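[1] predicted model follows, preceded by the sequence.
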Amino acid sequence: MIHSKVTVSFCGEDFVAAPGTDLTIGRSGDIEIDDNPFLHRTFLMVTSDNGFWWLVNVGSTLTATVADEHGLFQAWLNPGARIPLALNKMMVWFTAGPTTYDFEITIDRPAFRAVAREQDTVTEEGGQATVGRVGFTPDQKLLVVALCEPFLRRNSPGTSHIPSSAEAAERLGWTITRFNRKLDNVCQKLADAGTRGLHGGVGKLASNRKSRLVEHALSTKIVTEADLALLEGPGDALPDASGDAHG
């Protein structure tokens, strides 16, 4: 028997699922995300089963990225999959067409408690900034921050448009060729480390790849609000003296 309740926060509004009730999320339903033709009428559902609250992907094509608030846990929720809402606060990101959405899920009596990790120590060896298992060059880190900037500057969950490659390149003072080359390098590094949806395969368009990169970077805390300082004076971005041999 579930005695807890779940609150979904989106665009400044809270939606509550009490025991015995469900919440549907999509173009229509209990939580109407947006009148976006790329979004399923019903995409996600918060429901209870076997003593747990669950987040279920009831759509047919879209995926969602689910993570805890500390960036310690991440799951990619495919159509038909479900995940238990066992922690106090969980974050959800998904992309439909040109728009990326995110919302928070809070459980008032969670089954488990997340333990926050210490902040990653960023090591600088040979120009590499290492976060977790993946080492980024300063330029690669700048690229990820530029793509995530609209989300990092927001104060609450909602909707954002990921910058186009041209917009991000201009923000950094780079040519589009340089930006795309470094995007390839970042996605390859993360794919080699086991991140799905970033490299290869039919239909892996640049926009799909960028949205997956942004969702992964935000959910795992690869970039945070503090990294926005790296974008100050974008014209001063590091010169490409190495000829991009290492990214």
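    Received it, and whenever you're ready, just let me know what you need. Numbers count the residues shown, from 1 in each chain.

[2] the closest residue to G158 other than its chain neighbours: what's it in contact with?
    Ranked by Cβ to Cβ, 6 or more residues apart in numbering and with sequence neighbours excluded, the top spatial neighbour of G158 is C11, at 4.4 Å. All C-beta atoms are positioned from the backbone trio N, CA, C, and that covers glycine. Residues near C11 by Cβ atoms under 8 Å, 6 or more residues apart in numbering: S156, P157, G158, T159.

[3] so what's the residue nearest to the spatial centre of the chain up against?
    Nearest to the geometric centre of the chain sits E215, at 1.8 Å (Cα atoms, centre = their mean). Contacts for E215 (Cβ under 8 Å, 6+ apart) come out as T65, W93, F94, T95, T100.

[4] before we move on, the earlier item: quick check on the contacts of C11: which are buried?
    For those, a neighbour count by 16 or more other Cβ atoms under 10 Å gives the buried set as P157, G158, T159.

[5] from those residues, pick the one nearest L87.
    P157 (16.4 Å; Cβ to Cβ).

[6] right, and the closest one touches S9 too?
    Yes - counting by Cβ atoms under 8 Å, S9 is a contact partner of P157 at 6.0 Å.

[7] quick check: neighbours shared by these two?
    Common contact partners of P157 and S9 (Cβ under 8 Å, 6+ apart): F103, E104.

[8] what's the longest helix in the protein?
    For the chain, the helix with the greatest residue count under DSSP state H is helix 176-192.

[9] which other helices and strands contact it?
    With contacts taken as 3 or more Cβ pairs under 8 Å, 6 or more residues apart in numbering; DSSP states H and E, helix 176-192 sits against strand 134-136, helix 138-152, helix 165-172, helix 206-219.

[10] what about the residue nearest to the centre of the chain, distance to P138?
    E215 is 23 Å from P138, where distance means Cβ to Cβ, to the nearest Å.

[11] what of A86?
    Remark: distance between A86 and P138 (Cβ to Cβ) = 37 Å.

[12] can you check S48 too?
    According to Cβ to Cβ, S48 and P138 sit 47 Å apart.

[13] neighbour-wise, which of those two wins?
    Ranked by neighbour count (other Cβ atoms under 10 Å), S48 and P138 place S48 first, with 19 against 15.

[14] moving C-terminal of the helix or strand hosting the more buried one, what's the next helix or strand?
    Using DSSP states H and E, S48 sits within strand 44-49. Next helix or strand after strand 44-49 toward the C-terminus (DSSP H and E): strand 52-57.

[15] which residues touch that following strand?
    Applying Cβ under 8 Å, 6+ apart, the contact partners of strand 52-57 are 2, 4, 6, 17, 43-48, 63-64, 66, 77-86, 90, 92, 105, 107, 111.

[16] that one vs strand 44-49, what angle?
    Strand 52-57 and strand 44-49 are oriented at 150 degrees to each other (axes from the mean of the first three to the mean of the last three Cα atoms, to 10 degrees).

[17] show me how far strand 52-57 is from its chain's centre.
    Remark: strand 52-57 is offset 19 Å from the chain centroid, using Cα atoms, centre = their mean, to the nearest Å.

[18] direction included, what does it pair against?
    Sheet pairing of strand 52-57 (DSSP bridges) gives strand 44-49 (antiparallel), strand 82-84 (antiparallel).

[19] and the ones you listed, which is most packed in?
    Across the strands paired with strand 52-57, the average number of neighbours (mean count of other Cβ atoms under 10 Å) peaks for strand 44-49, which reaches a mean of 20.
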